[in-house]
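Peer 1: sequence first, predicted model second:
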Amino acid sequence: MPVLNRIASYAEEMKGWRRHLHRHPELAFDCHETAAWVAERLREIGVDELHPGIAKTGIVALIRGRADGPVIGLRADMDALPIEELTGVPHASTIPGRMHACGHDGHVTMLLGAAKYLAETRNFAGTAALIFQPAEEDGGGAQVMMQEGIMDRFGIGQVYGIHNAPNVPLGQFHTRPGPFMASVDTAVVKVTGKGGHGATPHDCVDPVVAIVGMVQAVQTIIPRNVFALDEAVISVTMIHTGTASNIIPEEGFFAATIRCFKPDVRALLKRRFHEIVEGHATAYAVKAEINYDWGYPATINHEDETVFAAEVACEVSGADAVDARAGREMGSEDFSYMLEARPGAYLFLGTGPGAGLHHPAFDFNDEAAPIGASFFARLVERAQPLA
C-alpha cells in the first residue's frame, strides 16, 4: 500500500506549509509564532480539542475516531537551530543566524498532513493525540512535556515519532527494537593555574599542559574501561585558553560530548571522567571544576510496538524499503523521555540525497512529507481499528 491517495492530494498544500515553517525558524522553547501558526492550521483542519501552552510553546491536539477506544500519541518537534543558512533556496530562513537544519519543519508538516486526513476520515476508534513539541535541540522539551503530565492528562497509551534521514533513499524506513539512539552527556572542565610570562614557566602553574594531559587521558576510558562490545563515544570538541603567544594563561577550559546506550556504562563513563580529570589536576597542581551535565537518556524502542510500526511502514513503502533491525545511532533524541513514559517506537524516514543534518546547506525534501503523513495515519488506523 503506497502513500494514501487522500494524503497525496495534499502534497502541494503540505509543501506550502513546510516552506512557510522553513522561512520562520524559532529556537528551543521560544516557538511562539510557530505554535500559533500550527494551532491555526489545526483549527482549520477541525481537531476536536486544542491544548496550547504546554512546555511553554508545545501543543497537544486531539482527534476522536468513530468509536470509543484508547489514545495513541504521535509526536513532531518544532524547533530550529542557531545556524546561518547557506541553501540559497527561495524559501530560505528570513531570520539571520537561525535555520531549520534538522528538518523539524518537515516533521511538523508530516504530522499536520496526518491530522488533516484523520480529521476528515476518522476511520479509527479512540483518539489520536498529536504532540507538537518545542526544544528538542536544546532544552529537553519532551522531558518538560512529560513533567507537565501530558501522558496521564490525555490518557495516551502508546507513542510514536519519526525523524528524517538525508542520504537514505527516499521512503526507506529504519528502526530497531531496544536501544536505538545513544544517551548524551556534556562535560565542561574549567582548569585554573597561575598565569605569567611565557619566558618564566617556573614561576607559573600552566593550565595548558594540564588540559592537554587531561584530554589525552580521557580518551583512554573507552578502550581500557568499557567492554569492547558496548558502544560508547567520548569526543572532546572544544579547547579554549590563552590570549597571546608569550603569556601563560591563568585558566582555560575544554568540553566533551559523551554517549552510550547502557545505564551502567553511562555511570562508568562519568565516574572515570571525574577520576581522571581530578587525578590530573592533582598531578599538575591546578584546580579543575567539572560541570558534568546529565543529558538525554538513550532512546529505547519497545519490542512489540517497534515490530508493529515496521509492519505499518511496510504497508506504506513496501517490505524492501523497511529495515526493522537497523544499526544503532550515536546521535541522541529527547523522544527518549516519551518512550520512558509509554511504550512506543521511533523511526527514521529516508529523504534522499542532500546535505546532512545540522549542515547549513540542509533542506528537507518535500517529497517525503506525504510518506511520513501516510505512516502516521495508517499507524492510527491499524493500532485502533473500527470493529
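Peer 2: Received the coordinates, thanks.
Peer 1: ok, residues contacting stretch 327-335?
Peer 2: For stretch 327-335, contacts defined as Cβ atoms under 8 Å, 6 or more residues apart in numbering pick out 75, 135-136, 140-143, 161, 163, 176, 179-184, 231, 233, 259, 261, 295-296, 298-299, 346, 348. Heads up, the C-betas are built off the backbone N, CA and C, glycines and all.
Peer 1: now those: which count as buried?
Peer 2: Using 16 or more other Cβ atoms under 10 Å as the burial test, the contacts of stretch 327-335 include 75, 135-136, 140-143, 161, 163, 176, 179-184, 231, 259, 261, 295-296, 298-299, 346, 348 as buried.
Peer 1: which of the contacts of stretch 327-335 fall within helices?
Peer 2: Per DSSP state H, helices hold the following members of the contacts of stretch 327-335: 141-143.
Peer 1: for those, could you give me JSON lines that also reports distance to residue 352 and pLDDT?
Peer 2: Shown next, in JSON lines, are these (distance: Cβ to Cβ, whole Å; pLDDT from 0 to 100):
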{"residue": "141", "distance to residue 352": "28", "pLDDT": "98"}
{"residue": "142", "distance to residue 352": "27", "pLDDT": "98"}
{"residue": "143", "distance to residue 352": "32", "pLDDT": "98"}
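Peer 1: so where do the helices sit in the protein?
Peer 2: Under DSSP H, the chain gives helices at 5-8, 11-23, 32-45, 104-121, 141-147, 150-153, 207-218, 221-225, 263-284, 303-317, 335-341, 369-383.
Peer 1: so which of these gets nearest residue 254?
Peer 2: helix 207-218 (5.5 Å; Cβ to Cβ).
Peer 1: residues near residue 28, how many?
Peer 2: Neighbour count for residue 28, taken as other Cβ atoms under 10 Å: 19.
Peer 1: per-residue confidence at the spatially most central residue of the chain?
Peer 2: With distances taken as Cα atoms, centre = their mean, the residue of the chain nearest its centroid is residue 333 (3.4 Å). On the pLDDT scale, residue 333 is placed at 97.
Peer 1: swap in residue 1?
Peer 2: The predicted local confidence for residue 1 is 48.
Peer 1: check what pLDDT the residue nearest to residue 155 when sequence neighbours are not counted gets.
Peer 2: By the measure of Cβ to Cβ, 6 or more residues apart in numbering, the closest residue to residue 155 outside its immediate chain neighbours is residue 71, 4.6 Å from it. As predicted, residue 71 sits at a pLDDT of 98.
Peer 1: quick check: the gap between residue 71 and residue 376.
Peer 2: In this view, residue 71 and residue 376 are 15 Å apart by Cβ to Cβ, to the nearest Å.
Peer 1: kindly report the same for residue 210.
Peer 2: Separation of residue 210 from residue 376 (Cβ to Cβ): 52 Å.
Peer 1: go on, residue 345?
Peer 2: With Cβ to Cβ as the criterion, residue 345 and residue 376 are 12 Å apart.
Peer 1: quick one on the thing from earlier: compare residue 71 and residue 376 (neighbour count), which wins?
Peer 2: residue 376 (29 against 19).
Peer 1: was I right to think that one contacts residue 160?
Peer 2: Yes: the criterion here is Cβ atoms under 8 Å, and residue 376 meets it with residue 160 at 7.5 Å.
Peer 1: any shared contact partners between those two?
Peer 2: Shared contacts of residue 376 and residue 160 (Cβ under 8 Å, 6+ apart): residue 74.
Peer 1: residue 145: what's its closest spatial neighbour, skipping adjacent residues?
Peer 2: Per Cβ to Cβ, 6+ apart, closest to residue 145 is residue 55, 4.7 Å.
Peer 1: contacting residues for the one you found?
Peer 2: Counting by Cβ under 8 Å, 6+ apart, the residues that residue 55 touches are 29, 133-135, 141, 144-145, 148.
Peer 1: again, only using 10 Å
Peer 2: Residues near residue 55 by Cβ atoms under 10 Å, 6 or more residues apart in numbering: 29, 31, 133-135, 139-148, 150.
Peer 1: quick check: it vs residue 258, distance?
Peer 2: Distance of residue 55 to residue 258, computed by Cβ to Cβ: 26 Å.
Peer 1: what's the answer for residue 114, then?
Peer 2: The value you get for residue 114 to residue 258, if Cβ to Cβ is used, is 36 Å.
Peer 1: now swap in residue 101 and tell me
Peer 2: Taken as Cβ to Cβ, the span from residue 101 to residue 258 is 23 Å.
Peer 1: more neighbours, these two?
Peer 2: The neighbour comparison of residue 101 against residue 258 (other Cβ under 10 Å) goes to residue 101, with 28 against 25.
Peer 1: double-check the more buried one against residue 354; I have them as touching.
Peer 2: No: look at residue 101 against residue 354 with Cβ atoms under 10 Å: they stay out of range, at 11.6 Å.
Peer 1: list residues touching both of the two?
Peer 2: Common neighbours of residue 101 and residue 354, counting by Cβ under 10 Å, 6+ apart, are 87, 361-364.
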